[in-house]
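[1] mind looking at a prediction? Sequence and model below.
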Protein chains: 4
Amino acid sequence: MDVRVGVIGVGMIGQDHIRRITQVLTGGSVTAVNDVDTARAGQVAAVLPGVGQHRVSVHATAQDLIADGNVDAVLVASWGPAHEEQVVAAIGAGKPVFCEKPLAPASDACLRIMEAEMAAGRRLVQVGFMRRYDAGYRAMKAALDDSGIGAPLLMHCAHRNPSVPDYGFTTDMIISDSAVHEMDIVRWLFGEEIVAATVLTPRRAGQAPDGLQDPLILLLEMANGVLVDDELFVSARYGYDVRGEVVCETGTVALADVSEVTVRAQNRYGGRVPVDWRDRFIRAYDAELQEWLNAVAAGSAAGPSSWDGYAAAAVTDAALEALRTGQRTAVSMPERPEFYAK
Amino acid sequence: MDVRVGVIGVGMIGQDHIRRITQVLTGGSVTAVNDVDTARAGQVAAVLPGVGQHRVSVHATAQDLIADGNVDAVLVASWGPAHEEQVVAAIGAGKPVFCEKPLAPASDACLRIMEAEMAAGRRLVQVGFMRRYDAGYRAMKAALDDSGIGAPLLMHCAHRNPSVPDYGFTTDMIISDSAVHEMDIVRWLFGEEIVAATVLTPRRAGQAPDGLQDPLILLLEMANGVLVDDELFVSARYGYDVRGEVVCETGTVALADVSEVTVRAQNRYGGRVPVDWRDRFIRAYDAELQEWLNAVAAGSAAGPSSWDGYAAAAVTDAALEALRTGQRTAVSMPERPEFYAK
Amino acid sequence: MDVRVGVIGVGMIGQDHIRRITQVLTGGSVTAVNDVDTARAGQVAAVLPGVGQHRVSVHATAQDLIADGNVDAVLVASWGPAHEEQVVAAIGAGKPVFCEKPLAPASDACLRIMEAEMAAGRRLVQVGFMRRYDAGYRAMKAALDDSGIGAPLLMHCAHRNPSVPDYGFTTDMIISDSAVHEMDIVRWLFGEEIVAATVLTPRRAGQAPDGLQDPLILLLEMANGVLVDDELFVSARYGYDVRGEVVCETGTVALADVSEVTVRAQNRYGGRVPVDWRDRFIRAYDAELQEWLNAVAAGSAAGPSSWDGYAAAAVTDAALEALRTGQRTAVSMPERPEFYAK
Amino acid sequence: MDVRVGVIGVGMIGQDHIRRITQVLTGGSVTAVNDVDTARAGQVAAVLPGVGQHRVSVHATAQDLIADGNVDAVLVASWGPAHEEQVVAAIGAGKPVFCEKPLAPASDACLRIMEAEMAAGRRLVQVGFMRRYDAGYRAMKAALDDSGIGAPLLMHCAHRNPSVPDYGFTTDMIISDSAVHEMDIVRWLFGEEIVAATVLTPRRAGQAPDGLQDPLILLLEMANGVLVDDELFVSARYGYDVRGEVVCETGTVALADVSEVTVRAQNRYGGRVPVDWRDRFIRAYDAELQEWLNAVAAGSAAGPSSWDGYAAAAVTDAALEALRTGQRTAVSMPERPEFYAK
């Protein structure tokens, strides 16, 4: 039987996950929704099919949704600051929860979620770091394990967005919203924690919104000495381009371009660069949520854990401090609890 | 509610479609199976979940399966020579049918299927030419329409398999089983029929199974003069490699390599070539069957039609004659019925 | 001491060779020129440095130039129909001669040159098939020998020019002027003669000059069964693009794109396609003429021989007949004389 | 008439330049040699052709060679610490001098060379930074000027050697011998001076010689804010790989791979990585020396100047200090004299 999912937060991302569960993936149905904008929640629910006789319920509060007997599992796509309370409530109800990133904006809030989950005695939380499900990063990880190119020594990353809103997007958000993806993916690729961060500020792009220091270079040091340099450039105009090359002792492995065809015209040959993150990572989003539905149906848990969500928050803290001070900043983290052993 | 699918033929391909409907796609359930090997049908059914209380039915005959009230739509993955009778029966029962290629090995059998479908008054048949759902060919078709590179003039194709069985695979099958994919895809890409075929026999690969003329070059002439050369090489050893470049008046568009990563090691850089057709086209298979389920649920029909299945058979006839005679051979086909207008 | 070169024909190609000898290569000087347009010859000579005290001589006839005691070796860059007389005269004078392609337009004229050279008792003629000196084809030949990919079975070629003159360029010239390069290069790559030719006429490009059948497909059959398909498209607009892929038993080797940089802009990534043959093959022209100067200085001979020039003419004859008749046409050639053993 | 070159230092690099002048380039002859190992100088001279009647002179001292009336210009390929005295002497004799990098190991020695040259009143020195003559970097610079991708903001470089000697190669030499090429090329690409350097030490490659910190990351800050990260990895085993990508406001330009062919075999496709610096940059070495010969013949000067040699030394000083201290280190340089205006 389908996993009955209640969705908290039906903005752009929440609606996209609903579309995914309803039209793309197998084994899940949306049975309830909630949003701070109740009218929006109602509109979204009205066009959903429901399950059998049952229409999709619209709940006034996240708590009501979590308590709904027709909800087996909870998908949290609300505003970041609301995540802690909602995730902890789902854990309290013993219901598996998929939480969009960030698990919580504050690292201590993430720690409280971990405590709740450990108290519950089993993993209930999957965090939405979808890049781990991208075919490119998967092939990269496989190559690190299988290609006979030795131990990883360093990694070059680039994360380029065509544009960000002219107002409201701050330099801090380049760290907390963009770089957080590399923070997670390098932890996953190398199976190591990040121990320090440094932020460099190159020449500023003339077209960057007023007040935005764009691009940035973020340097991340892994526990085993692997050094990651991450170029973050959110006004790069030419496309959405995520690049990565891991340099190992006797070879390297890099994300390939993803164009389906090569065109020759007007004295040029080449392929296309994705237009946005959706274009680039749509299959990864599908795969992460399918894995979640499968795990919930099987009574197990998979994917990025609360610990991963916490680690990303702790590294973000250090990187923001590094941005403020211009200094290399150590990441402050406790030991990984046995509960979250790999 | 899910489309309830009855599957006729549960060999490798039938089982793969069952896995797809059950574990990957949305909106479909397998409710009944049939196979000439009844024991195999029972084993396959035993591990399927069924729908609600109902276990999956195992039918002794294809006719029984088609008549089953719990079967909304039929998937035919049986032996080619059995297709005509099964597809016609499904049409007779007014049930949509997905038929693996070939629609029927003989072109006149395909014509009889078309007649049955036209008599039924609506499209009920989708043929399994999955390449039309491949992201590469889709992007190629989009580029032909959008890239401002003029009208297509010719196309170079290559279709390389690492190997075929040492016994039982004949030179004719290079045409009927391998080249049939290019026959369909060029008809779809250019929106034109194929009017003639010629087969050339280059130097034979030493490792080809005894008696097999491998590789071949198949030349296809489209109604508008576009000329297609198709290299068919089924003992190519190095991988499964499907290539294509359309040469237009002022530019070209080609399928790109599909490797997810680039590795640098031992004085080489590069990516991987797929190991087999599954590796290369798995997403296309998913997409074609999802489109079928969606169309069935919507009461409509989509994808390659009986006419497309017939055209492939007619071109295959001409190409086999060309192989036998060494001569350019015209394709003999009636006008496309209005019923199958694009 | 420098090889003193007399240049017959100082049109575009002759002047380019003079520039090469004078400003790029080592070991050669131009001491004499001749042209049917004597005024042009004088203008070209006037701006050349000469050697030591000696100014560059301007000769009224090719014969005078060949007889000049200050000319060690002759470069023939005149009109094709004049080649036979000039090359035979140089041979008669015992002077090495570099002859631009074609050695002679008519294959029997090439045979007479061979007879003269054999009578002289040593190789004196190098024909200007510069592709043999291209780094791409050199690497391709090395890969055929060294890459462990088995025997060659077939080859796909494309030869695309951005444009040809609106008047005076005939369909025959696509064979005799363009395809002749592939005729020579496949003979060199595979060490085999071409035994038959067929010409196919795909859909015509709308922008092709009136009366020109463009593109063409030329099929060449090698003595060992290797089949070559050569797309010839001289109004291809988008650039000068020479492509080639040799399909061997267990792998393939293809010419790579030659762009020095990859640019990412406006949702595209990619490189440049050469603008013309000069852009693509300039280094090959340099290398062929340097090899000629070196061979002359050493008293030896190298590179494409009179036999190679003859073979290209014989295959051209067959291909032109194939174009006229639409039929596969055998190449008519005697045995290769021992004198021209590889 | 040929430029008559005297070569000081006939080790591997000096001999390679002699081969170049003698067998590859036009307009130059070697008329004299000198080496600290006089026997070696004699052996090298013995096999050279000389000019006309004159044999190549072997001089006991660099001073004698510089004074030789048959020497028009001097090529310095001796040990770095000897450069200052030899270059200053050549300047004193009013003879143009090509000096292999480094101009001098110590930056104050470079300043003294500049003073001598300014006193002479005209540019006489070209420094051997050959990358400026590489087709890849030339195309990159052209793209920066012409591609409409906005101002440069940052650059990613990688400089990988397959190996270094097990003894005698120090971590300092990764800066002074390897990174010096990027120091020069970024100054040339961006037309800006480097103002600060930082060195990072990633995880060490297990195969690096004892005591060698390999790889390194060198960060260079340009006067206009452009930030360069340069990965230096001299035990990279897999090949000699020089990479670079300039990130501009609205696009990027990167060095392309330089493989002439693409091979498909054993489930891989791809090209070759150069085996060593010679393989990668041989044409750049040819081009730089041809430009020098041309400039000498024309009585002018071209290419990297004494100022460029000095700037590289000053940046090297800062980078070595940064390596020692682990701190960002400002480059200490005077204003560029008007004499060396771009």
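    Structure received. This one's a predicted model, so the numbers in the text were calculated from it and none came from an experiment.

[2] tell me who's in contact with the residue nearest the centre of chain A.
    In chain A, the residue lying closest to the centroid (Cα atoms, centre = their mean) is A:Phe129, at 2.7 Å. Taking Cβ atoms under 8 Å, 6 or more residues apart in numbering or on different chains as the contact definition, A:Phe129 lies against A:Lys101, A:His181, A:Asp184, A:Ile185, A:Trp188, A:Glu288, A:Gly303, A:Pro304, A:Asp308, A:Ala312. Where C-beta positions appear, they are placed from N, C-alpha and C, glycine not excepted.

[3] so which residues on the stretch 1-150 of chain A come close to chain D?
    By the criterion of Cβ under 8 Å from any Cβ of the partner chain, the positions of the stretch 1-150 of chain A lying close to chain D are A:Ile149, A:Gly150.

[4] enumerate the residues of the stretch 1-150 of chain A near chain B.
    Residues of the stretch 1-150 of chain A found near chain B (Cβ under 8 Å from any Cβ) are A:22-26, A:135-136, A:138-140, A:143, A:147-149.

[5] can you tell me which of the residues you listed lies nearest to chain D?
    If you rank these by distance to chain D using Cβ to the nearest Cβ, A:Ile149 comes first, at 7.6 Å.

[6] near the closest one, how many residues? Count them for me, please.
    In terms of burial, A:Ile149 registers 22 neighbours under the definition other Cβ atoms under 10 Å in any protein chain shown.

[7] before we move on, back to that, emit the PyMOL select command for whichever of the residues of the stretch 1-150 of chain A next to chain B are buried.
    The following PyMOL command selects only the buried members of the residues of the stretch 1-150 of chain A next to chain B, with burial defined by 16 or more other Cβ atoms under 10 Å in any protein chain shown:
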select buried, chain A and resi 22+24+25+26+135+136+138+139+140+143+147+149
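
[8] narrow the residues of the stretch 1-150 of chain A next to chain B to those in helices?
    Applying DSSP state H to the residues of the stretch 1-150 of chain A next to chain B, the entries found in helices are A:Ala135, A:Gly136, A:Arg138, A:Ala139, A:Met140, A:Ala143.

[9] quick check, pLDDT for the closest residue to chain D within the stretch 1-150 of chain A.
    Chain D sits closest to A:Gly150 of the stretch 1-150 of chain A, with a gap of 7.2 Å, by Cβ to the nearest Cβ. With respect to pLDDT, A:Gly150 has a value of 97.

[10] so it sits right up against A:Glu249, yeah?
    Yes: the pair A:Gly150 and A:Glu249 passes the contact test of Cβ atoms under 8 Å, sitting 2.8 Å apart.

[11] how near is the residue in the stretch 101-250 of chain A positioned nearest to chain B to A:Gly244?
    Taking Cβ to the nearest Cβ as the measure, the stretch 101-250 of chain A has A:Ala139 as its residue closest to chain B, at 3.8 Å. In this structure, A:Ala139 and A:Gly244 are separated by 11 Å, where distance is defined by Cβ to Cβ, to the nearest Å.

[12] can you list the domains in chain A?
    Residue ranges for the domains of chain A, per automatic domain parsing: A:3-128+A:283-305, A:131-280+A:311-340.

[13] span of the first one from start to end?
    Right, domain A:3-128+A:283-305. When the termini of domain A:3-128+A:283-305 are compared using Cα to Cα, to the nearest Å, they are 20 Å apart.

[14] chain C contacts on the stretch 201-342 of chain A?
    Of all the residues in the stretch 201-342 of chain A, those lying near chain C are A:238-239, A:241, A:257, A:259, A:262, A:264-273, A:275, going by Cβ under 8 Å from any Cβ.

[15] go with 7 Å
    Remark: the part of the stretch 201-342 of chain A in contact with chain C comprises A:238-239, A:241, A:257, A:264-273, A:275, using Cβ under 7 Å from any Cβ of the partner chain.

[16] what's the most distant pair in those?
    For these, the farthest-apart pair by Cβ to Cβ is A:Asn267 and A:Val275; their separation is 23.8 Å.

[17] who's more crowded, those two?
    Comparing A:Asn267 with A:Val275 by other Cβ under 10 Å, the one with more neighbours is A:Asn267, at 17 against 12.

[18] tell me the pLDDT of that one.
    The predicted structure scores A:Asn267 at 97 on the pLDDT scale.

[19] A:Lys342 now?
    Per-residue confidence for A:Lys342 comes out at a pLDDT of 66.

[20] got it, and A:His181?
    In this prediction, A:His181 carries a pLDDT score of 98.

[21] ok, A:Leu293 next?
    The predicted local confidence for A:Leu293 comes out at a pLDDT of 97.

[22] cool, and the one 4 residues further on?
    For A:Ala297, the pLDDT comes out at 96.

[23] list the residues that contact it.
    Each residue near A:Ala297 by Cβ atoms under 7 Å, 6 or more residues apart in numbering or on different chains is listed here: A:Val3, A:Gly27.

[24] where along chain A do the helices fall?
    With DSSP H as the criterion, chain A has helices at A:12-19, A:38-46, A:62-67, A:83-92, A:107-120, A:135-146, A:171-173, A:180-190, A:277-297, A:306-325.

[25] what comes into contact with stretch A:19-34?
    A:2-8, A:10, A:18, A:41, A:44-45, A:48-49, A:51, A:54, A:56-59, A:61-62, A:65, A:68, A:70-71, A:285-286, A:289-290, A:293-294, A:297, B:23-26.

[26] okay, the domains of chain A in TSV with distance to D:Glu84 next?
    Supplementary listing: those in TSV, determined by distance: least, Cβ to Cβ, whole Å:
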stretch	distance to D:Glu84
domain A:3-128+A:283-305	57
domain A:131-280+A:311-340	36
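
[27] so which of these gets nearest C:Met155?
    Evaluated with Cβ to Cβ, those place domain A:131-280+A:311-340 nearest to C:Met155, the distance being 20.0 Å.

[28] now the end-to-end length of that closest one.
    Across its full length, domain A:131-280+A:311-340 reaches 20 Å between end residues, using Cα to Cα.

[29] gap between that domain and the chain center?
    Per Cα atoms, centre = their mean, to the nearest Å, the displacement of domain A:131-280+A:311-340 from the mean C-alpha position of its chain is 12 Å.

[30] how many neighbours does A:Ala319 have?
    Counted by other Cβ under 10 Å, the residues lying close to A:Ala319 total 29.

[31] ok, it - contacts?
    Residues in contact with A:Ala319, defined by Cβ under 7 Å, 6+ apart, are A:Ile175, A:Ala179, A:Ala197, A:Val199, A:Leu218.

[32] repeat that for 6 Å
    A:Ile175, A:Ala197, A:Leu218 (Cβ atoms under 6 Å, 6 or more residues apart in numbering or on different chains).
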